[in-house]
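> Compute the structure for the input listed below.
(one chain, ligands or ions: 2)
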Amino acid sequence: MSALIVIDVQNDFCPGGALAVPEGDTIVPGINALMADADAVVLTQDWHPADHSSFASQHDAKVPYSVIDMAYGPQVLWPDHCVIGSAGAAFHADLNINRADLVIRKGYRRAIDSYSAFFENDQRTPTGLEGYLTTRGLTSLTLVGLATDFCVAYSAIDAAKLGFDVTVRLELCRAIDLDGSLAAALWDMTQAGVALA
Ligand code: VGL
Ligand code: ZN
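Numbering: from 1, shown residues only. Ligands and ions are numbered 1, 2, ... in the order given. Now for the predicted structure:
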């Protein structure tokens, strides 16, 4: 059984949003079309408290897109984005959210960011998605969404490590691409056994 996992198709990651991914909105019609073929559809939603530690605004003299050391390792600092309950955190208005069986939120703990839909950035704290998919017998996963080089890649790599059969549909993803992060993410996904289509 197959699940379509739609990563973070939220207003803040689309043009005009706080952390806009170029062309982030252009993938929405194709994602909606792909939902028809899936046995299950899961949406993820980046969901941060206003004082989240991944926001540059929470650190003295730090600018967005710089990197700091957190307790769990290096962390990129972002513009404030996807604040709980805000319009920016809402799904893109054209995304077919009614088709979703599950919405999984992530990044709601102040001290830990969470790119992956499976584990937070400490690589240990689970979101619960593995258990949901496993108990429903959903072993084959297709991932699409935003951003290719952060939340999509981290989710795909964790899924492959957990033993799921994983395909990323690159034409239905868009990247932030900071300092070669897209090329690195494509390489890391391939190394982890993720199929790139
Ligand atoms: C994401 C940066 C910060 C993503 C989320 O969805 O790729 N990137 N939070
Ligand atoms: Zn975030």
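> so who does residue 27 touch?
Residue 27 makes contact with 9, 144-146, 171-174, according to C-beta atoms under 8 Å, 6 or more residues apart in numbering. Where C-beta positions appear, they are placed from N, C-alpha and C, glycine not excepted.
> Please list which of those also come close to ligand 1.
With the criterion set as C-beta under 6 Å from any ligand atom, the members of the contacts of residue 27 near ligand 1 are residue 146.
> For the nearest residue to residue 107 once chain neighbours are set aside, I want the exact helix or strand it lies within.
Spatial nearest neighbour of residue 107, chain neighbours left out: residue 114 (4.4 Å); criterion: C-beta to C-beta, 6 or more residues apart in numbering. Per DSSP states H and E: residue 114 is located in neither a helix nor a strand.
> What pLDDT does the model give residue 14?
pLDDT, residue 14: 98.
> quick revisit: return the closest of the contacts of residue 27 with respect to ligand 1.
Nearest to ligand 1 among the contacts of residue 27: residue 146, at 5.3 Å, using C-beta to the nearest ligand atom.
> Which elements pack onto the helix or strand hosting residue 188?
Element membership of residue 188 [criterion: DSSP H and E] is helix 181-191. Here helix 181-191 touches helix 153-161, strand 195-196, going by 3 or more C-beta pairs under 8 Å, 6 or more residues apart in numbering; DSSP states H and E.
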